[in-house]
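Chemist: here's my sequence, what's the structure:
(one chain, ligands or ions: 1)
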Amino acid sequence: CPIVSKNLPLLGHGPSHYPMYARKDKIKMASRRWCHGSPDNQELAKKSCVPCNSKDIYTMSEDSAKKLLEQVGGWELATEGDVLKLHRAWKVKNFVKGLEFLQLVAAIAEEEGHHPDLHLVSWNNVKIDVWTHSVRGLTDNDFILAAKINNLNLEGLLSKKGTVQK
Ligand SMILES: C[C@H](O)[C@H](O)[C@H]1CNC2=NC(N)=NC(=O)C2=N1
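Modeler: Numbers count the residues shown, from 1 in each chain. Model (predicted):
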């Protein structure tokens, strides 16, 4: 997040875990507008996915997944059959905005060579599941992808009303 230069003293983290820096006599709270995720999310988002057909890619345990989940705000663990997945849902303004959202996600997936399951249901509900198909479970790739999705600027796409349909 382009919050402040690195040489400003970090005064700690605010209520939402956003870094707070001294800036002359004012506390500069990291602007929500620029920093969609926590610092941990940012660390993950800087990484790149590895090829899913690599022989060195293995699924992680549910405990490891629960620990990593803390770094990708808004996502939750889901199990389908015996496959552990990451799941997140958003309510979008309308069907077309939902498609725009999916296009943004598709661009990340193509760049990373790692693809989520994308759903646009009841015209304004986007649901995304992320898992590594080649090993039928969760790997670091999935958390990297989730962190990058968290960093998308969804300004103008999300509905301001209504509850999210999980
Ligand atoms: C060769 C490589 O395994 C495939 O091209 C990629 C494509 N995208 C993928 N995406 C996900 N989520 N899991 C995979 O196993 C996967 N495999």
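
Chemist: in the chain, where's the longest strand?
Modeler: strand 83-91 (DSSP state E).

Chemist: near the ligand, anything from that one?
Modeler: No: applying Cβ under 6 Å from any ligand atom, one finds strand 83-91 separated from the ligand by no less than 9.6 Å. The way it works is simple: take the backbone N, C-alpha and C, and place the C-beta from them, glycine included.

Chemist: buried ones in the helix or strand following that strand?
Modeler: Using DSSP states H and E, the helix or strand that follows strand 83-91 in sequence is helix 95-112. Using 16 or more other Cβ atoms under 10 Å as the test for burial, helix 95-112 gives 97-98, 101-102, 105, 108-109, 112.

Chemist: got the angle for the longest strand of the chain vs helix 95-112?
Modeler: Here strand 83-91 runs at 140 degrees with respect to helix 95-112, directions being taken by axes from the mean of the first three to the mean of the last three Cα atoms, to 10 degrees.

Chemist: how far does strand 83-91 sit from the chain's center?
Modeler: 10 Å (Cα atoms, centre = their mean, to the nearest Å).

Chemist: for the residue lying closest to L104 once chain neighbours are set aside, give me its contacts.
Modeler: Nearest-residue entry for L104: L152, 5.2 Å, with adjacent residues in sequence omitted and distances by Cβ to Cβ, 6 or more residues apart in numbering. By Cβ atoms under 8 Å, 6 or more residues apart in numbering, the contact list for L152 reads 36, 101, 104-105, 108.

Chemist: what comes into contact with stretch 118-127?
Modeler: Stretch 118-127 is contacted from outside by 87-95, 97-99, 101-102, 105-106, 128-129, 159, 162, 164-166, using Cβ under 8 Å, 6+ apart.

Chemist: could you give me the buried positions within it?
Modeler: Across stretch 118-127, burial judged by 16+ other Cβ under 10 Å covers 118, 120, 124-127.

Chemist: ok, which stretches of this structure are helices?
Modeler: Taking DSSP state H to define them, one finds helices in the chain at 39-45, 62-69, 95-112, 140-150.

Chemist: which of the ones you listed sits closest to L77?
Modeler: With Cβ to Cβ as the measure, helix 62-69 is the member of the helices of the chain nearest L77 (5.8 Å).

Chemist: and the closest one, how far out from the chain middle?
Modeler: Distance of helix 62-69 from the chain centroid (Cα atoms, centre = their mean) equals 15 Å.

Chemist: can you list the residues of the chain near the ligand?
Modeler: 51-53, 113-115, 132-134.

Chemist: restricted to buried residues, select the residues you listed in ChimeraX.
Modeler: Typed into ChimeraX, the next command selects the buried ones out of the residues of the chain next to the ligand (criterion: 16+ other Cβ under 10 Å):
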select :114,115,132
